[in-house]
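A.B. asks: Below are the sequence and a predicted model; questions follow.
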Amino acid sequence: MIKNLEHVSETKKRMTVEIPADVIEKKIREELLNVGRRVKIPGFRPGKAPISLLDKKFGKDVESDVLQKVVPEYYSRAMQEAKLSPISNPEFEKSDYKRNDPLEMTFTVEVLPEIKELKYEGVQIKAVEPEITEEEVETAMKRIQAEKLSFEPAGRPAEKDDVVTMDYEVIEDGKEHKDEIFKVGSDQYPEELSEEIKGKKAGDDFEVKLTFPEGHNSDLKGRTVTFKGSIKEIKVLKLPDIDESFARDAGFEGLAAFKDALKADIRSAKAVQIRKKQIVEIIEKLVDSHEFAVPEGMLENELSALLTSERGKDENKDKDESSLKEELRPEALKNAKSAVLLNVIGDKENVTVSEEEMKEKIFELSQMTQIPPQNLVQMYMSKDGSLEGLRYGVFKEKVAELIHSKAVIGKGE
């Protein structure tokens, strides 16, 4: 099947594969017979039309369909026979096919390099203990306090940040609005409305001329109109006191237990970040301690991703693409080497991603983004055409964790 295998470089192979003529003809004949059973041919019962007639009418289309199936099949078999693991789609050279002749296809494919003396166990990294400050605990408590925000009748004239319920009419349009909610001091309406309402009580009337800017998100943008109305209700934002009662309402025995739980959460979150930094440190050490070639396609992909990220920044707006590309090339090379190492180590350790792990990752992303799982799947499918990009991300995470588990965490260097 493999006629020739050329080692263009450490990461690029050129291969010529021959598909026997009888294999192709057999598949064409089988498909023509299937067509004959499905299609009505005048003068013949279904499945009884001669193969020569079917070939004359449908041969070209069937030939095309068969080649689209047989080429990937033999490409995959050739990769297995040569014991190569491609990391990109093959680049096929033009080939002419003639019926009843073997199909000879030549293509170039990129593969991972062989890394000699690969060593990723026992990398020394520093142990870091998460430090938690009282300020961080207070910030966490205030965040929970804000979630318990409530509205209570103000019992006084309106002030900044109060929430007002009002009825009003736009005099120029004769348009009435009932039970409109407005936070005093917000940019929902021009500031003149807030100034007019401040100091007024429930039941008071108001009348004010407002000029709406061109960029306002309403049909009043760019106009000056008169609001005439009355205040129906004034409510004040009420935060609960952070005390023993607050802690018990949150499900804890008291304030001390509540703070201990928050410290544990903060410690856990910081431990995750420390672990991520340690993994980055390990991979950087592995990149520095191993010399190997990087596949051109992988380097270009990393460079393209960096260009997309950096092109929109103000400091890069006057740079032409070629000079920016040269600036980013060292970082892209470092990223590509990291990716190669993760792939090579993952292959060596037989790291795989199960369907259950994929479901867990989709659920995790759904929780983080508040996007339903099925919508997330559709997003990945529309972007990449499959979930392989997501699967590869999980694969890299698993390899990174494996490397971390084999490191020596201590005082470091």
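C.D. replies: Right, received. Where do you want to start? Because the structure is a prediction, the values reported are computed rather than measured.

A.B. asks: so where do the helices sit in this protein?
C.D. replies: 21-38, 51-82, 134-147, 191-197, 244-249, 255-289, 296-311, 321-348, 355-369, 373-384, 388-405 (DSSP state H).

A.B. asks: Number of residues surrounding residue 40?
C.D. replies: By the criterion of other Cβ atoms under 10 Å, residue 40 has 9 neighbours. From N, CA and C alone the C-beta is placed, and that goes for glycine too.

A.B. asks: Map the structural domains onto the sequence of the chain.
C.D. replies: With domains defined by automatic domain parsing, the chain comprises 2-110, 150-238, 253-410.

A.B. asks: could I get these as JSON lines with mean pLDDT and distance to residue 134?
C.D. replies: Formatted as JSON lines, these follow (pLDDT from 0 to 100; distance: least, Cβ to Cβ, whole Å):
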{"stretch": "domain 2-110", "mean pLDDT": "91", "distance to residue 134": "50"}
{"stretch": "domain 150-238", "mean pLDDT": "93", "distance to residue 134": "25"}
{"stretch": "domain 253-410", "mean pLDDT": "91", "distance to residue 134": "9"}
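
A.B. asks: For residue 393, which non-adjacent residue is spatially closest?
C.D. replies: Excluding the flanking residues, the one nearest residue 393 by Cβ to Cβ, 6 or more residues apart in numbering is residue 361, at 7.7 Å.

A.B. asks: Please apply the same query to residue 151.
C.D. replies: Using Cβ to Cβ, 6+ apart, the closest residue to residue 151 is residue 235 (4.1 Å).

A.B. asks: which residues does that neighbour contact?
C.D. replies: 151, 152, 153, 154, 162, 163, 164, 165 (Cβ atoms under 8 Å, 6 or more residues apart in numbering).

A.B. asks: Looking at those residues, which is nearest residue 267?
C.D. replies: If you rank the contacts of residue 235 by distance to residue 267 using Cβ to Cβ, residue 151 comes first, at 35.0 Å.

A.B. asks: my read: that closest one touches residue 238, true?
C.D. replies: Yes: in this structure, residue 151 is within contact of residue 238 by Cβ atoms under 8 Å, at 6.8 Å.

A.B. asks: Determine the residues that are contacts of both of the two.
C.D. replies: Contacts common to residue 151 and residue 238, judged by Cβ under 8 Å, 6+ apart, are absent.

A.B. asks: number of nearby residues for residue 176?
C.D. replies: Close neighbours of residue 176, defined as other Cβ under 10 Å, add up to 10.

A.B. asks: Use 565 as the first number for this chain going forward.
C.D. replies: In the new numbering, first residue 565, that becomes residue 740.

A.B. asks: That one and residue 862, how far apart?
C.D. replies: 64 Å (Cβ to Cβ, to the nearest Å).

A.B. asks: Check residue 736 too.
C.D. replies: Distance from residue 736 to residue 862, by Cβ to Cβ: 64 Å.

A.B. asks: circling back: could you dump the helices of the chain into JSON lines with mean neighbour count and distance to residue 749 added?
C.D. replies: Listed next are the helices of the chain as JSON lines, based on neighbours: other Cβ atoms under 10 Å; distance: least, Cβ to Cβ, whole Å:
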{"stretch": "helix 585-602", "mean neighbour count": "16", "distance to residue 749": "72"}
{"stretch": "helix 615-646", "mean neighbour count": "15", "distance to residue 749": "64"}
{"stretch": "helix 698-711", "mean neighbour count": "13", "distance to residue 749": "18"}
{"stretch": "helix 755-761", "mean neighbour count": "17", "distance to residue 749": "5"}
{"stretch": "helix 808-813", "mean neighbour count": "15", "distance to residue 749": "27"}
{"stretch": "helix 819-853", "mean neighbour count": "15", "distance to residue 749": "31"}
{"stretch": "helix 860-875", "mean neighbour count": "16", "distance to residue 749": "38"}
{"stretch": "helix 885-912", "mean neighbour count": "17", "distance to residue 749": "44"}
{"stretch": "helix 919-933", "mean neighbour count": "13", "distance to residue 749": "32"}
{"stretch": "helix 937-948", "mean neighbour count": "13", "distance to residue 749": "36"}
{"stretch": "helix 952-969", "mean neighbour count": "17", "distance to residue 749": "44"}
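
A.B. asks: Just put those helices in CSV and tack on distance to residue 680.
C.D. replies: Listed next are the helices of the chain as CSV, based on distance: least, Cβ to Cβ, whole Å:
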stretch, distance to residue 680
helix 585-602, 39
helix 615-646, 20
helix 698-711, 47
helix 755-761, 70
helix 808-813, 60
helix 819-853, 12
helix 860-875, 19
helix 885-912, 11
helix 919-933, 32
helix 937-948, 33
helix 952-969, 19
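
A.B. asks: These: which one's closest to residue 773?
C.D. replies: With Cβ to Cβ as the yardstick, what comes closest out of the helices of the chain is helix 755-761 (7.2 Å).

A.B. asks: Which strands border the lengthiest strand in the chain, and is each parallel or antiparallel?
C.D. replies: Longest strand in the chain, counting residues (DSSP state E): strand 788-802. Next to strand 788-802 in the sheet, as set by DSSP bridges, lie strand 714-717 (antiparallel), strand 727-734 (antiparallel), strand 769-775 (antiparallel).

A.B. asks: between it and helix 698-711, how many degrees?
C.D. replies: 120 degrees (axes from the mean of the first three to the mean of the last three Cα atoms, to 10 degrees).

A.B. asks: Good, we can wrap up now.
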